[in-house]
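Colleague: Give me the fold of what follows.
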Amino acid sequence: MAKHFDLIVIGTGSGGSTAAGKCATAGWKVAQIDSRPFGGTCARRGCDPKKVLVGAAELIDWNLRMKGHGISGATSIDWQELMEFKRTFTQPVPENREKGMERVGITPIHGRASFVDEETIEVNGETLKANNFLIAAGAKPAPLPIDGFEHLITSTQFLELDELPDKLIFVGGGYISFEFAFIAALAGAQVEILHQGERPLEGFDADLVNILLERTGELNIKVHLNTEVKSVTKDGNSYRVEASQKGNAQTYTGNLVIHGAGRVPDIDNMQLKEGNVERTKEGIKVNEYLQSISNPNVYAAGDAVDSNGLPLTPVAGFESHVVASNLLDGNHRKAEYPAQPTAVFTIPPLAMVGLTEQQARDAGNDIEVNFKKTDEWYSYRRTNESTAAFKTIINKETGHILGAHILGSKAEEIINLFAMAMNQNLKATALKKMVYAYPSHASDIPYMV
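Modeller: Residues are numbered from 1 along each chain as shown. I've put the predicted structure just below:
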């Protein structure tokens, strides 16, 4: 006889765990399933371990900048020691997460779930039934039409490297490639990024990305745009990458080729048709309550859902809260997304919230644009930083901030204040009149609006 639950959650990351915990605490019988070690992408193979490596690379960068300005002596990254330090964060996660589930009465299940019908799934040959399902299975690297695709390693594998090869090639010009490229370059590797489009980091402000590209050049990170990878072949201990750049054949060689060309929802093997769960290539099709439009027993959150939310950990958590509210009290809470700040942790970081300048113009807004390089400002001169800038977009009629973009140290912190202002519907003048702790990066904000 099949086991029966009030809720089965597929996924143990941010998109699934909040709803699982809230429903279990409310007395529901809940099971949570994952085909990989528990904890989800962010804690084990994404944001958290990456930021540990970024921290070490920042230290190297800071020392290099201050050489000749009161700091002497060479500093270097011991990759093996750094990875051991990183594992002190990631290795305890699965066991701690499973113990946490059991403390609140959640049944943990290891395995890959697939639908049998609208109310039934199968895991490891066992049949499970539930009144409700939450699909929060996260994302996986996108398949690429490249001969020799199997030679590319994933971001997960990069974060487990025991040794850093001398020469790396990244395929794709998004978050993953740029963040890892800065880490690897500051750890001493030669790095090349091959990007098919006309410019990398396409969601970010073009002017600030161009300034960041000047920094990649200073670090000898070679970025090749309009470059489509055709094939990857292994030759002894190295790899040969054949590509086309505006129709011209190009060849690149390296000791490792890393997939940084996007991710897709990890829902392909769930037999969604059997469960009457419709999907798009972006994820599960849902209504405003994050409920499947085809099977009302199913909700979705995080990278597995086709929604207006960005594929970010805090957004997955927000969506999981929305789903929990609707499961426990009936559909009443819509997924109304606040301003969603995001950052790419290059060195220095680049952060944004709201609209780009082009998006604001395309939407028909009458805007004031403030754009300036800030490397001569005290905040950056005192640490000898050459790469710093901002752009803010303000609605001339209402005075509200439509978008903010920051490049430089502490950008990931400053952007949260702009997000708060936007979510609280504050006018730019409110930020200008505020009294800030000084000297601090936040105290620069009045000069940005």
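Colleague: Setting aside sequence neighbours, what's the nearest residue to residue 205?
Modeller: The shortest distance from residue 205 to any residue that is not its chain neighbour, by C-beta to C-beta, 6 or more residues apart in numbering, is 4.2 Å, and that residue is residue 405. Every C-beta, even on glycine, is put in place using the N, C-alpha and C of the backbone.
Colleague: I'd like to know which elements the strand or helix carrying that neighbour is packed against.
Modeller: Assignment of secondary structure by DSSP states H and E places residue 405 within strand 401-407. Under the contact definition 3 or more C-beta pairs under 8 Å, 6 or more residues apart in numbering; DSSP states H and E, strand 401-407 sits against helix 206-218, strand 350-354, helix 357-362, strand 389-395, helix 411-423.
Colleague: centre of the chain versus it, how much separation?
Modeller: How far strand 401-407 lies from its chain's middle: 18 Å, per C-alpha atoms, centre = their mean, to the nearest Å.
Colleague: For it, give the mean pLDDT please.
Modeller: Mean pLDDT, taken over the full extent of strand 401-407, equals 98.
Colleague: Same question for it: list its buried residues.
Modeller: Buried residues in strand 401-407, counting neighbours by 16 or more other C-beta atoms under 10 Å, are found at 401, 402, 403, 404, 405, 406, 407.
Colleague: got it, and stretch 182-201?
Modeller: Taking 16+ other C-beta under 10 Å as the neighbour-count basis, stretch 182-201 is seen to contain the buried residues 182-187, 189-196, 200-201.
Colleague: Stretch 332-351 now?
Modeller: By neighbour count on 16+ other C-beta under 10 Å, the buried set for stretch 332-351 is 333, 335, 339-351.
Colleague: Repeat that for stretch 141-153.
Modeller: 141, 146, 148, 149, 151, 152, 153.
Colleague: So for residue 293, what pLDDT did the model give?
Modeller: pLDDT for residue 293: 98.
Colleague: can you tell me the helix or strand for the closest residue to it other than its chain neighbours?
Modeller: Setting aside the residues directly before and after it, residue 293 is nearest to residue 285 in space (C-beta to C-beta, 6+ apart), at 5.0 Å. Element membership of residue 285, judged by DSSP H and E, is strand 283-285.
Colleague: Provide the contact partners of the very next helix or strand once past that strand at residue level.
Modeller: Reading on from strand 283-285 to the C-terminus, the next helix or strand found by DSSP H and E is strand 298-300. Outside of strand 298-300, the residues that reach it under the criterion C-beta atoms under 8 Å, 6 or more residues apart in numbering are 19, 132-136, 275, 277, 283-284, 286, 289-292, 323, 326-327.
Colleague: Okay, and the beta partners of the residue nearest to residue 293?
Modeller: Applying DSSP bridges to residue 285 yields these beta-bridge partners: residue 306.
Colleague: now it: how far from residue 277?
Modeller: Distance, residue 285 to residue 277, by C-beta to C-beta, to the nearest Å: 8 Å.
Colleague: And these two? Which one has more around it.
Modeller: More neighbours surround residue 277 than the other of residue 285 and residue 277, with 24 against 16 (other C-beta atoms under 10 Å).
Colleague: so what's the more buried one up against?
Modeller: If you count contacts by C-beta under 8 Å, 6+ apart, then residue 277 has 115, 135, 270, 284, 292, 294, 295, 298 around it.
Colleague: let's see it at 6 Å
Modeller: Taking C-beta atoms under 6 Å, 6 or more residues apart in numbering as the criterion, residue 277 is in contact with 292, 295, 298.
Colleague: before we move on, what SS does the nearest residue to residue 155 once chain neighbours are set aside have?
Modeller: Of all residues not flanking residue 155 in the chain, residue 176 sits nearest, at 5.0 Å (C-beta to C-beta, 6+ apart). When the structure is split into helix, strand and coil by DSSP: H, G, I helix; E, B strand; the rest coil, residue 176 lands in helix.
Colleague: now residue 176: how far from residue 170?
Modeller: 8 Å.
Colleague: picking up where we left off before, so what's the residue nearest to residue 205 up against?
Modeller: Contact analysis of residue 405 by C-beta under 6 Å, 6+ apart lists 205, 208, 352, 391.
Colleague: could I get the residues you listed as a markdown table with distance to residue 50?
Modeller: Compiled in a markdown table, the contacts of residue 405 are given as follows (distance: C-beta to C-beta, whole Å):
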| residue | distance to residue 50 |
| --- | --- |
| 205 | 22 |
| 208 | 21 |
| 352 | 18 |
| 391 | 26 |
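Colleague: now those: which count as buried?
Modeller: Restricting the contacts of residue 405 to buried positions leaves 205, 208, 352, 391, with burial counted as 16+ other C-beta under 10 Å.
Colleague: Quick check: pLDDT value at the third one.
Modeller: It refers to residue 352. 98.
Colleague: shared neighbours of residue 176 and residue 170, anything?
Modeller: A shared contact of residue 176 and residue 170, defined by C-beta under 6 Å, 6+ apart, is any residue touching both; here these are residue 260.
Colleague: who's in contact with the residue nearest to residue 194 when sequence neighbours are not counted?
Modeller: Across the structure, with C-beta to C-beta, 6+ apart as the measure, the residue nearest residue 194 apart from its sequence neighbours is residue 227 (4.6 Å). Contacts here follow C-beta under 6 Å, 6+ apart; on that basis residue 227 touches 194, 243, 245.
Colleague: Can I get those in JSON lines including distance to residue 376 and pLDDT?
Modeller: Written out in JSON lines, the entries for the contacts of residue 227 read as follows (distance: C-beta to C-beta, whole Å; pLDDT from 0 to 100):
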{"residue": "194", "distance to residue 376": "34", "pLDDT": "98"}
{"residue": "243", "distance to residue 376": "39", "pLDDT": "98"}
{"residue": "245", "distance to residue 376": "36", "pLDDT": "96"}
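Colleague: Among the residues you listed, which one lies nearest to residue 110?
Modeller: residue 194 (37.0 Å; C-beta to C-beta).
Colleague: Would you agree the closest one is in contact with residue 224?
Modeller: Yes. Applying C-beta atoms under 6 Å as the test, residue 194 and residue 224 come out as touching, 5.1 Å apart.
Colleague: after the helix or strand bottoming out on mean pLDDT in the chain, next one along is what?
Modeller: In the chain, the helix or strand scored least confidently by mean pLDDT, DSSP states H and E is helix 40-45, which has a mean of 93. Scanning forward in sequence from helix 40-45 by DSSP H and E, the next helix or strand is helix 47-66.
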